[in-house]
Structures are given as structure tokens and as C-alpha cells.
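Asks: All I have is the shape, not the residue letters:
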């Protein structure tokens, strides 16, 4: 996640999301389905494909195809490291029914002016499943602080932000579990980012958080995780 800490995120296999909601007195109100950008917990998990025009849907399909092709360059953490992605935070083996995700950031790509470029993602996302080798499950794209990301696929290609604690222009850090920030830091929305998952359908590929069920259909997670049986809504 650009402008926030990158590394390992531990998630419950029953949910398989990339970030747990910050504690709050009430659940954040969900933004309308046609919203192009917003906080990760206010956007719907999946885009509403019907809201995209035929041209936007075609553009989203082309983008996804290009991302799937580019992803073949980094099938392993070793390949990612050789390409300049930071993989030093390789996760330790987790408990049963726990998935660890490694965000391998490329500092060079994070500081260039190529945005939403399949060949230059700001980070790669690998899943670490107990008993499985690390497996590439998605790519992450990010924008510089204060800039909006392009939306070639309309409401399919949405950008989300994370709540972070910042001091001046320093890189943002995740808030404490209770949602508070360290002394001297203030709460703000971090830079815009987009996850694109290597699933088999357009809707889940552009989910905000890791779509566990569909990653299971794509054999990127074991079927035991998140009830990966067809018919489970």
C-alpha cells in the first residue's frame, strides 16, 4: 500500500480481506455503487458491472488481460526480487485456516509517472497458505498522494484509500487497533490504490479486498478456505 506500511497482512481465512476495519462506534455508510473512489470500508466489495458502459467494460477486460499477461513475469518471490520488488518481509508460516499476504513493493515503480501500467505495478501480492508455496494472487497499483487514479473501466476500475496516521509529509502508518493515532500524528486518507486479482471473472478481479471464494475457484487458494464451493453466495 503506497504511503502506508507495506509487508505482510494476516487475515482470517473465513473472510480473506486485506485489511481489518478500524474499530468505530458505528459501521461506515456504504457509498453508492457508482462511486469511483473512496475509503476501502465504504466501497462495495465488488463493482456493479451493469453500471459500466459497453466501452468501459471492454476497457476493463483489456486491462485485466494485460495484467494477467504481465503477471506471468513474476510467478515466484524469487522472480519478483530479481525484478526489483522488495520481498524481504517474507511471512512466517501461519496457523491452520490463516492466510498471510505479502505485498512486495517496487520503489522504482512507486516513484515513476506510469500509472495503472500492467508492466509497472507498485506492488505484487503473494498468498502464503500453510503447506503451499507462496503464490501470486494479485497486483496493486497506487497513485501519488493527492492525485486521482485513471478509471478506464468506469465503475469497474475503482480506487480505494486506507485510513492512515501521518506526520507532515512522512509516509502514513496504520492506526492503532482502536483507530487512534500516535501522539503528533493525524488521521487522513492515504493515497489511492487499486487491487487487481488474478481470478477467472471480471467482477471479482476488481474486488476491493481479496475475493477468497473466487481465488479458490482459480486454484490460487485451497478449497478449504472461505467455503469455496459453488453455490455459496
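Replies: Now that the structure is in, tell me what you want to look at. The structure displayed is predicted, hence computed values, not measured ones. Numbering: from 1, shown residues only.

Asks: Give me the residues contacting stretch 159-173.
Replies: Stretch 159-173 is contacted from outside by 1, 3-5, 19, 22, 36-40, 43, 143, 148-149, 151, 174-175, 179, 181-182, 184-194, 208, using Cβ atoms under 8 Å, 6 or more residues apart in numbering. Bear in mind the C-beta positions are built from the backbone N, C-alpha and C, glycine included.

Asks: Pull out the buried residues from these.
Replies: 1, 3-4, 19, 22, 36-40, 43, 143, 149, 151, 174-175, 181, 185, 189-194, 208 (16 or more other Cβ atoms under 10 Å).

Asks: From those, which land in strands?
Replies: 37, 38, 39, 189, 193, 194 (DSSP state E).

Asks: Turn those residues into CSV, including pLDDT.
Replies: Shown next, in CSV, are those (pLDDT from 0 to 100):
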residue, pLDDT
37, 96
38, 95
39, 94
189, 85
193, 95
194, 98
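
Asks: Could you identify the most distant pair in these?
Replies: 189 and 194 (14.7 Å; Cβ to Cβ).

Asks: now the helices for this protein?
Replies: 54-71, 77-82, 107-110, 202-205, 212-217 (DSSP state H).

Asks: for the ones you listed, which one sits closest to residue 99?
Replies: Closest to residue 99 of the helices of the chain, according to Cβ to Cβ: helix 212-217, at 7.9 Å.

Asks: That closest one: how far from the chain's middle?
Replies: What separates the centre of helix 212-217 from the centre of its chain is 15 Å, taken as Cα atoms, centre = their mean, to the nearest Å.

Asks: Report all helices and strands that it contacts.
Replies: For helix 212-217, not one helix or strand is in contact under the criterion 3 or more Cβ pairs under 8 Å, 6 or more residues apart in numbering; DSSP states H and E.

Asks: circling back: find the one among the helices of the chain with the highest mean neighbour count.
Replies: The highest mean neighbour count among these, using mean count of other Cβ atoms under 10 Å, belongs to helix 212-217: a mean of 22.

Asks: Could I get the contacting residues of the residue nearest to the spatial centre of the chain?
Replies: By Cα atoms, centre = their mean, the chain has its centre lying nearest to residue 195, at 3.6 Å. Residue 195 sits next to 18, 125, 138, 139, 140, 206, 207, 208, 209, 210 when contact means Cβ under 8 Å, 6+ apart.

Asks: Could you tell me the phi and psi values at the closest residue to the fourth one other than its chain neighbours?
Replies: Read that as residue 139. Of all residues not flanking residue 139 in the chain, residue 121 sits nearest, at 4.2 Å (Cβ to Cβ, 6 or more residues apart in numbering). Phi and psi for residue 121, reported as degrees, to the nearest 10, are phi -70, psi 150.

Asks: give me the number of residues near residue 121?
Replies: 27 (other Cβ atoms under 10 Å).
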